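>>> have a look at this prediction, sequence included:
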Amino acid sequence: MAVELQDWFLKKPSGVGKAQRRYFVLQQGEVAYYAHVKHGKPSGLKGTFPISTSSKIGNTGTELSVKNPDRTWVLVADEAKIAVKWARTLRRLAGDSSVAEAADTGRTAIAATTSTPTPPPTPTPT
């Protein structure tokens with residue numbers, strides 16, 4: 001079981017509470033987060049969540065969001081490049097092709113749909 005990614009993030013609360021610094025590990029399509037790293041190994045498992053085709057991944061600057069049908073996780077990285085790296089990898093796992101990335105800024109843009117503009121009204125003769 002190879003670890004794909006592992007980094008520290010600040011995990012924002014899903015409700016009332018304060019943000020907690022957690023160590024996140026991506027392995028075999030699942031993200032686990034821990035309270036500590038002892039002797040180079042994560043310890044104190046706090047939770048896990050899967051990455052699947054129903055996962056929606058967002059990234060703006062240092063912020064990374066993972067939205068699953070039952071819950072959304074909002075994480076803040078120490079640097080934007082960490083959040084971008086995770087977003088790319090999680091999108092690949094989720095099979096998300098509807099999101100365009102701008103890696104140089106660490107921002108994500110959702111592909112916009114185009115529509116035909118409504119023509120202006122025809123002037124009435126006076």
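Good, I have the coordinates.
>>> any idea how far Ala32 is from Ala87?
Going from Ala87 to Ala32 by CB to CB, to the nearest Å gives 18 Å. Every residue, glycine included, has its C-beta placed from N, CA and C.
>>> who's more crowded, the two?
Ala87 (25 against 18; other CB atoms under 10 Å).
>>> confirm that the more buried one sits in a strand.
No: going by DSSP: H, G, I helix; E, B strand; the rest coil, the assignment for Ala87 is helix, not a strand.
>>> for it, which non-adjacent residue is spatially closest?
The shortest distance from Ala87 to any non-neighbouring residue, by CB to CB, 6 or more residues apart in numbering, is to Asn59 (3.7 Å).
>>> just give the number of residues close to Ile57.
21.
>>> all helices for the protein, in order.
Ranges of helices within the chain are 80-94, based on DSSP state H.
>>> what about it, any weak spots by pLDDT?
Applying pLDDT under 70 to the chain flags residues 1, 97-126.
>>> show me where it has its strands.
3-11, 20-27, 30-38, 41-50, 56-60, 63-68, 71-77, 99-102, 107-110 (DSSP state E).
>>> mind checking which of those is nearest Arg91?
The closest of the strands of the chain to Arg91 is strand 56-60. By CB to CB, the value is 4.9 Å.
>>> helices or strands up against the closest one?
On a contact count with 3 or more CB pairs under 8 Å, 6 or more residues apart in numbering; DSSP states H and E, strand 56-60 meets strand 63-68, helix 80-94, strand 107-110.
>>> Val25 is nearest to which of these?
When the helices and strands packed on strand 56-60 are compared by CB to CB, helix 80-94 sits nearest Val25, at 11.2 Å.
>>> tilt between the closest one and strand 3-11?
120 degrees (axes from the mean of the first three to the mean of the last three CA atoms, to 10 degrees).
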